[in-house]
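Engineer: Give me a 3D structure for the following:
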Amino acid sequence: MRSKVLIAFAMVFIVLTSFALTGLSQDDQRHSGLYGAGGRDDDGNIVVEGEGPDRSDKFSFIRIRYGRPTEPGDIIGDPPGLTWSHDYPDGGIHFSKILSEVSKLRVTLDTPEYIFRLDDPNIFKYPFAYLCEVGFMTLSDSEIAGLREYLLRGGFIIVDDFRRPMQMQNFLYYLKRALPEYEMKELDLSHPVFNCFFSIKSLDIKPPYDRGKPQFFGVEDKHGRLMMVINYNNDVSDFWQWASNNAFYPIEDTNEGFKFGVNYAFYALTH
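Structural biologist: Model prediction:
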């Protein structure tokens with residue numbers, strides 16, 4: 001019953017949140033559309049960044065990019081791909097498929113996620129975003145302003161796939177510039193994000209690689225809404241990426257990775 005209620009709430013909130021985020025000025029719209037200069041995925045397909053056909057009528061997983069513009073010859077995906085693109089596109093495709101199967105959400109399926117700059121006004125149509133390898137992140141002033149606006153207007157970001165104190169320091173530099181009045185805090189198992197769909201039993205989990213103990217942090221707005229969940233010393237999307245017939249990780253670990261992702265999505269859509 002609890003899951004059915006949450007699903008019903010999510011169906012309402014995905015419409016309301018998308019609507020609340022879409023107020024664009026004429027000045028904003030000058031910066032919309034497609035961009036990128038011909039980076040390619042692992043299969044050699046050209047990856048175009050920005051928004052194509054409008055997908056805001058469904059739950060649509062999106063990815064945030066940062067740094068220099070894409071250049072011809074760049075790889076979009078796992079190393080040696082650009083850092084913001086790791087686990088693209090399989091991580092997002094597999095996660096969206098699982099979310100569709102465990103709920104009644106209308107989900108964009110079987111297609112790579114859109115990739116947005118934080119200063120692209122079309123990002124406000126999509127209230128759930130993924131951001132990775134923030135230890136290497138660089139943001140312009142307009143992107144920092146976009147990050148702040150996206151979060152305060154109701155957006156939710158998964159920050160994933162980074163480790164070591166120096167990488168955390170780089171992330172916190174940009175976070176404090178965007179949200180100087182808010183503090184990052186560590187989350188424990190009692191937080192609703194870990195209990196809003198699946199009941200997560202433990203945060204003492206095995207990461208995809210042995211590079212430190214995983215920790216979960218968050219940033220809440222003045223109303224206590226979690227705007228961002230931060231997977232430190234962890235890479236949840238790696239579990240999503242390798243969930244296939246040739247699974248790279250044990251099925252139990254992969255399932256736990258999907259549970260975290262589904263909970264993040266339902267928390268975002270119901271808060």
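
Engineer: SS state for the residue nearest the centre of the chain?
Structural biologist: When C-alpha atoms, centre = their mean is applied to the chain, the residue found nearest the centroid is Tyr130 (1.6 Å). On the three-state scheme (DSSP: H, G, I helix; E, B strand; the rest coil), Tyr130 is labelled strand.

Engineer: Correct me if wrong: it contacts Ile158.
Structural biologist: Yes: Tyr130 sits in contact with Ile158 when judged by C-beta atoms under 8 Å, with a separation of 5.0 Å. Any C-beta I mention is one placed from the backbone N, CA and C, and that applies to glycine too.

Engineer: quick one on the thing from earlier: for the residue nearest to the centre of the chain, name its beta-bridge partners.
Structural biologist: Beta-bridge partners recorded for Tyr130 (DSSP bridges): Arg63, Ile158.

Engineer: got the contact list for it?
Structural biologist: With contacts taken as C-beta atoms under 8 Å, 6 or more residues apart in numbering, Tyr130 has the following neighbours: Phe61, Ile62, Arg63, Ile64, Gly91, Gly92, Glu113, Ile157, Ile158, Asp160, Ser237.

Engineer: Helix or strand for the last one, just tell me which one.
Structural biologist: Same thing as Ser237. Applying DSSP states H and E as the criterion places Ser237 in helix 236-241.

Engineer: contacts for that helix?
Structural biologist: The set of residues that contact helix 236-241 without belonging to it, under C-beta under 8 Å, 6+ apart, is 78, 86-87, 90-92, 94-95, 98, 130, 132, 158, 160-161, 208-209, 249, 253-254, 256-258, 260-261.

Engineer: buried subset of those residues?
Structural biologist: By neighbour count, with 16 or more other C-beta atoms under 10 Å, the contacts of helix 236-241 hold 78, 86-87, 90-92, 94-95, 98, 130, 132, 158, 160-161, 208, 249, 253-254, 256-258, 260-261 as buried.

Engineer: returning to that earlier point: which ones among the contacts of helix 236-241 lie within strands?
Structural biologist: By the criterion of DSSP state E, membership of the contacts of helix 236-241 in strands covers Tyr130, Cys132, Ile158, Asp160, Asp161.

Engineer: and which of those residues is nearest Ser199?
Structural biologist: Ile158 (19.5 Å; C-beta to C-beta).

Engineer: pretty sure the closest one contacts Asn234?
Structural biologist: No: under the criterion of C-beta under 8 Å, Ile158 makes no contact with Asn234, lying 10.8 Å away.

Engineer: Report the residue spans of the stretch 101-250 of the chain with pLDDT below the cut-off.
Structural biologist: For the stretch 101-250 of the chain, the stretches with pLDDT under 70 are 245-248.

Engineer: residue ranges for the strands of the stretch 51-200 of the chain, please.
Structural biologist: 62-64, 114-116, 128-132, 156-162, 184-186 (DSSP state E, counting those that start in this stretch).

Engineer: closest one to Asp54 among those?
Structural biologist: Taking C-beta to C-beta as the measure, the strands of the stretch 51-200 of the chain were each checked against Asp54, and strand 114-116 came out nearest at 10.2 Å.

Engineer: quick one: contacts of that closest one?
Structural biologist: With C-beta under 8 Å, 6+ apart as the contact definition, strand 114-116 has outside contacts at 36, 47, 49-52, 55, 60, 62-65, 76, 85, 88, 122-123, 126, 129.
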